[in-house]
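Colleague: Kindly return the folded structure for what I paste below:
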Amino acid sequence: MDKFICRLDTYFDPKAASVSVRKNGIYFNSSITQLAGLHNFKTITCKRDHQDYNWSSQLFIKGSHEEASCENLAFSSDHRRRKGFGPMYLSCKRLVSQFSCLRKLAEGKRELARIPVSYNRETKEIVIPIVPQFEHFKHDPKDLPKAPGIYQYLQGSETVYYGRGASIYDRAKEDQRKSWVFDCIKYTFIPFEDKRVYWENHFLEKYKSQNGVLPRYNLISGSNKFEEAA
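Modeller: As a prediction, this is how the structure comes out:
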């Protein structure tokens, strides 16, 4: 599961390769800029691991020598780029807006919009994990989609349950949940089971580290899934 690892801690090593997602584009810090040799390219190409933007879990950024176009995006020009060092900024408002997770991330605090990334030396690609943001929500379980993903039950601002399923709707309709008290259900589409397991465990682990216990209904459910996913 190492290739999916992406921690959402408040503190990041400033020397670690990362990108920051903003509404108008993506900021590449000095570490990933130098690691991928971005100053040596005119433009970049961007691919995703799923045809549907909402279901994509990774972006693959690769340097290109092609001229700027719809397929080849150009970095913003500044003195650091001309001198060949320092971070770089990719103005790509349309690209960010197409991914619901990135769009939600960009709306938050700047310090929380930083994502650790990796560099594949064989393919020469920067791999950007698209971190689930629970960007979709419904108040009534009957309105949930019959689609795979992870989800979060909320009562006010308190998370009372984290879960995953091949059908978010079917999971919400299970008998044991009819007595649950909650205000809304937030969710992110994730088509791959191994990644659903990873992210569900990630959020359970983070909640437990911050609160000392699992969310209310994870405890009541006997949440052995936390141990299984760990």
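
Colleague: phi, psi of the residue minimising distance to the centre of the chain?
Modeller: With distances taken as CA atoms, centre = their mean, residue 131 lies nearest the centre of the chain, 1.1 Å away. Main-chain torsions, residue 131, degrees, to the nearest 10: phi -70, psi 130.

Colleague: what's the answer for residue 176, then?
Modeller: The phi/psi pair for residue 176 (degrees, to the nearest 10) reads phi -60, psi -20.

Colleague: For stretch 39-54, list every residue counted as buried.
Modeller: By neighbour count on 16 or more other CB atoms under 10 Å, the buried set for stretch 39-54 is 39, 41, 43, 44, 45, 46, 48, 53, 54. Just so you know, the C-beta spots here come from the backbone N, C-alpha and C atoms, and that holds for glycine as well.

Colleague: Spatially, which two of those residues are the most separated?
Modeller: Distance extremes for those: the farthest pair is 39 and 54 at 32.9 Å, using CB to CB.

Colleague: So, low pLDDT: which residues of the chain?
Modeller: Applying pLDDT under 70 to the chain picks out residues 1-14, 78-85, 221-230.

Colleague: Can you tell me which helices and strands whichever helix in the chain runs longest packs against?
Modeller: For the chain, the longest helix by residue count, based on DSSP state H, is helix 193-211. Under the contact definition 3 or more CB pairs under 8 Å, 6 or more residues apart in numbering; DSSP states H and E, helix 193-211 sits against strand 149-155, strand 158-165, helix 225-229.

Colleague: Make JSON lines out of those and add distance to residue 218 and mean neighbour count.
Modeller: JSON lines is the format used below for these (distance: least, CB to CB, whole Å; neighbours: other CB atoms under 10 Å):
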{"stretch": "strand 149-155", "distance to residue 218": "10", "mean neighbour count": "22"}
{"stretch": "strand 158-165", "distance to residue 218": "6", "mean neighbour count": "22"}
{"stretch": "helix 225-229", "distance to residue 218": "7", "mean neighbour count": "14"}
